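*Asks:* no sequence on this one, just coordinates:
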């Protein structure tokens with residue numbers, strides 16, 4: 001359920017989700033909207049009072065989100081995101097900006113997703129042939145690309161398929177390659193035992209160090 005609520009002369013879009021199993025009411029700000037998860041229905045008065053009680057923190061969260069949405073990371077670098085109305089859909093890098101020209105601004109996320117996927121496909125095309133030789137594997141490994149946040153990569157040795165998270169395109173090339181090498185190592189060791197990491201370090205030196213660096217990086221989750 002979506003409501004338009006005015007508090008302190010400020011208009012808010014409030015998205016209400018009822019979850020009967022919840023014991024508490026949760027409020028968060030996401031994509032410029034207030035999201036409230038509640039075990040029971042809320043009156044308009046209750047919603048307004050809740051926003052009043054959290055007004056300062058809500059405004060700060062919205063300002064922070066607005067600032068973050070102007071930034072986009074691509075191959076380890078931060079760019080200014082520029083969105084323009086156009087008669088056709090394009091996305092490209094120009095100086096310190098990534099420019100999206102689109103017929104419909106609702107398509108921005110999909111255009112970025114396609115941009116990230118294309119980038120990863122090119123990296124796979126350019127680097128995987130050499131990696132296959134290092135692992136002594138045939139060239140019949142297939143790649144898929146998925147918009148997920150729970151992992152960077154998955155390997156399915158039996159079906160000879162590797163899935164890469166499209167958000168990998170935000171990271172520097174060495175981090176992307178470390179994930180690809182990691183997934184290829186699963187063709188030899190399916191689990192993450194000591195031998196797996198020893199083998200991986202031999203094939204991709206400094207793997208552990210590179211992974212520690214990668215885990216310490218925090219990028220914009222909007223895109």
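*Replies:* Here it is on my side, so go on. Given the structure is predicted, the values throughout are model-derived calculations rather than measurements.

*Asks:* burial check on residue 47, number of neighbours?
*Replies:* Counted with other CB atoms under 10 Å, residues neighbouring residue 47 total 20. For the C-beta atoms, the positions are set from N, CA and C on the backbone; glycine is no exception.

*Asks:* next, it: phi, psi?
*Replies:* phi -60, psi -50 (degrees, to the nearest 10).

*Asks:* surely it is in contact with residue 5?
*Replies:* Yes: with contact defined as CB atoms under 8 Å, residue 47 reaches residue 5; the gap is 5.8 Å.

*Asks:* name the residues contacting each of those two.
*Replies:* Counting by CB atoms under 8 Å, 6 or more residues apart in numbering, the contacts common to residue 47 and residue 5 are residue 14.

*Asks:* tell me the helix or strand right after the least confident helix or strand in the chain by mean pLDDT.
*Replies:* One helix or strand of the chain scores below all others by mean pLDDT, DSSP states H and E: helix 55-68, with a mean of 72. Per DSSP states H and E, helix 55-68 leads on to strand 71-74 as the next helix or strand towards the C-terminus.

*Asks:* would you indicate which residues of the helix or strand just after that following strand are buried?
*Replies:* Sequence order places strand 77-85 as the next helix or strand after strand 71-74, per DSSP H and E. Within strand 77-85, the residues that count as buried by 16 or more other CB atoms under 10 Å are 79, 81, 83.

*Asks:* contact partners of strand 77-85?
*Replies:* 69-73, 93-94, 96-103, 105, 108, 223.

*Asks:* same check, this time on stretch 173-182
*Replies:* With CB under 8 Å, 6+ apart as the criterion, stretch 173-182 contacts 75-76, 120, 123-124, 127-128, 131, 152-153, 162, 164, 168-169, 200, 203-204, 207, 210-211, 213-214, 217.

*Asks:* distance of the spatially most central residue of the chain relative to residue 73?
*Replies:* In the chain, the residue lying closest to the centroid (CA atoms, centre = their mean) is residue 167, at 4.5 Å. According to CB to CB, to the nearest Å, residue 167 stands 9 Å off from residue 73.

*Asks:* just residue 197 next, same as before
*Replies:* From residue 197 to residue 73 the distance is 28 Å (CB to CB).

*Asks:* the two: which is more packed in?
*Replies:* Each of residue 197 and residue 73 has its neighbours counted (other CB under 10 Å); residue 73 has more, 19 against 16.
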